[in-house]
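[1] Sequence first, predicted coordinates after that:
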Amino acid sequence: MIDINFLRENPDKVRENIRKKFQDKKLPLVDEVLELDVKKRALQQEGDSRRAMRNTLSKQIGMLMKEKKVAEAEEVKRQVKENNDRIAEIEKQFAEVEANLKKDMQAIPNIIADDVPIGKDDSENVQWNTYLEAKVKPFEVPYHVDILERLGGIDLDSARRTSGNGFYYLTGDVARLHSAVLTYARDFMINKGFTYCIPPFMIRSDVVSGVMSFEEMEGMMYKIEGEDLYLIGTSEHSMIGRFMNTVIDEDKLPLTLTSYSPCFRKEKGAHGLEERGIYRIHQFEKQEMIVVCKPEESDYWYEKLWSYTVELFVSMQIPVRTLVCCSGDLADLKYRSLDVEAWSPRQQKYFEVGSCSNLTDAQARRLGIRYKNSATGKNEFAHTLNNTVVAPPRMLIAFLENHLQEDGSVFIPEVLRPYMGGKDSIKPTK
């Protein structure tokens, strides 16, 4: 959510930002917000004036009664009643205007960075860099589910019976590899100085509306029937929500945290073969990183965060590239974002395995996350950032394809062997 003062002073910049994101249907919101803002301030001013009048009139009643001026006191009482009735009406109107203003403000996208490339969707994202050579195997690479089945590592049929499509059982050494990657990623981030956390896996609606837009929520979140609770789509949601309505001591910033959680997503829509299997599923696990910092530090941390993901994948000998997200591919709260994509030898192209985002103060404004500025003595909104360390389902596909050997075995890079009981490969069972 952007600053109302910025919108008052720069309505044309806000409109231009909406156009850059190809959301022209939201342009009328700017004028609606300005109109509601004027109404809100007028109601606030009248309400304050009438509450002051109520205090003055109440004192008059006491004085008139002491002077035995009963008739005059009754007249003032009548004025007090009229004034109180109007105050009640103002408070009702104020609440309605404030709710509508908040709703419109939350629908207006965050101002994007000046250097964000302009484009309608992810097809216009811009490659930034590549890391490790993307190699084509000298043999045919099977579909990832076939690789998993030959390793004796997956049971989709049973999962369909117990849970439906979009779920799976991992077994044996493949399940161990899944856990090994998460544990390695956890230790990798701890060694970078991040504090490890395991957050709640359900959050209330006020946290959901604070961390994402309504459109994102509808497309992702599972609601718990009969409860004001949602299953998290990523641990970022509950990790950022942890600081809701708090004032953080400046000397504690930046907060650098890495979190493990299961993630639950609706993943609506039809998807092609390569996005089935374990690529696009309803339940998975992920290691995440978040930062809460002062505004002047967020650009620095943005660069650090995505570089950690690249470093992690390179350490596992998986080629990756980075893509700068264009304006139309940025969610409403994002100031800038960069995707990390891993190389698929089977498809001979890259696919997304992580995303790094700087949201500036957009989430902090929605959730009331502030810090005490020692220089000004004022409470100011913090900046928040998040980034995927690793999400094993997609990472597992990249891992299997890149480390598949011609005999059907899968090579285990040295960094993961301590987490795999010293194993240097997984052998096929079929």
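    Sure, I can see it. No experiment lies behind these values; they were computed from the predicted model shown. Numbers count the residues shown, from 1 in each chain.
[2] rest of the way, CA atoms for contacts and neighbours
    OK.
[3] Quick one: residues contacting Asp187.
    Taking Cα atoms under 8 Å, 6 or more residues apart in numbering, we find Asp187 in contact with no residue.
[4] That one and Gln287, how far apart?
    Computed as Cα to Cα, to the nearest Å, the Asp187 to Gln287 distance reads 11 Å.
[5] chain center to the least confident helix or strand in the chain by mean pLDDT, what's the gap?
    For the chain, scoring each helix and strand by mean pLDDT, DSSP states H and E identifies helix 214-220 as the least confident one, at a mean of 72. Chain-centre distance of helix 214-220: 11 Å, with Cα atoms, centre = their mean, to the nearest Å.
[6] Stretch 255-272 too?
    Between the centre of stretch 255-272 and the centre of its chain there are 10 Å (Cα atoms, centre = their mean).
[7] Next: stretch 366-373.
    Centroid separation between stretch 366-373 and its chain, computed with Cα atoms, centre = their mean, is 17 Å.
[8] just stretch 368-384 next, same as before
    Averaged C-alpha coordinates place stretch 368-384 at 21 Å from its chain's average position (Cα atoms, centre = their mean).
[9] quick one: average pLDDT of it?
    The average pLDDT for stretch 368-384 rounds to 94.
[10] got the CA positions of that stretch in CSV?
    Only the C-alpha atoms of stretch 368-384 are listed here, as CSV (Å, rounded to 0.1, in the frame of the first residue of the first chain):
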residue,chain,number,x,y,z
GLY,A,368,1.8,-1.6,10.8
ILE,A,369,5.4,-2.6,10.9
ARG,A,370,7.5,0.3,12.1
TYR,A,371,10.9,1.1,13.6
LYS,A,372,12.0,3.9,15.9
ASN,A,373,14.2,6.3,13.9
SER,A,374,16.8,7.5,16.4
ALA,A,375,17.7,10.5,14.2
THR,A,376,14.2,11.9,14.0
GLY,A,377,12.6,10.3,17.0
LYS,A,378,9.7,9.2,14.9
ASN,A,379,8.2,5.8,14.2
GLU,A,380,8.7,5.1,10.5
PHE,A,381,7.7,2.2,8.2
ALA,A,382,10.3,-0.5,7.7
HIS,A,383,11.1,-2.2,4.4
THR,A,384,10.4,-5.9,3.8
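[11] separation between the residue lying farthest from the centre of the chain and Thr56?
    The C-alpha centroid of the chain is most remote from Lys68, which lies 66.2 Å away (Cα atoms, centre = their mean). Separation of Lys68 from Thr56 (Cα to Cα) stands at 19 Å.
[12] What segments of the stretch 51-200 of the chain are helices?
    Ranges of helices in the stretch 51-200 of the chain, per DSSP state H, counting those that start in this stretch, are 70-107, 144-150, 156-162, 172-191.
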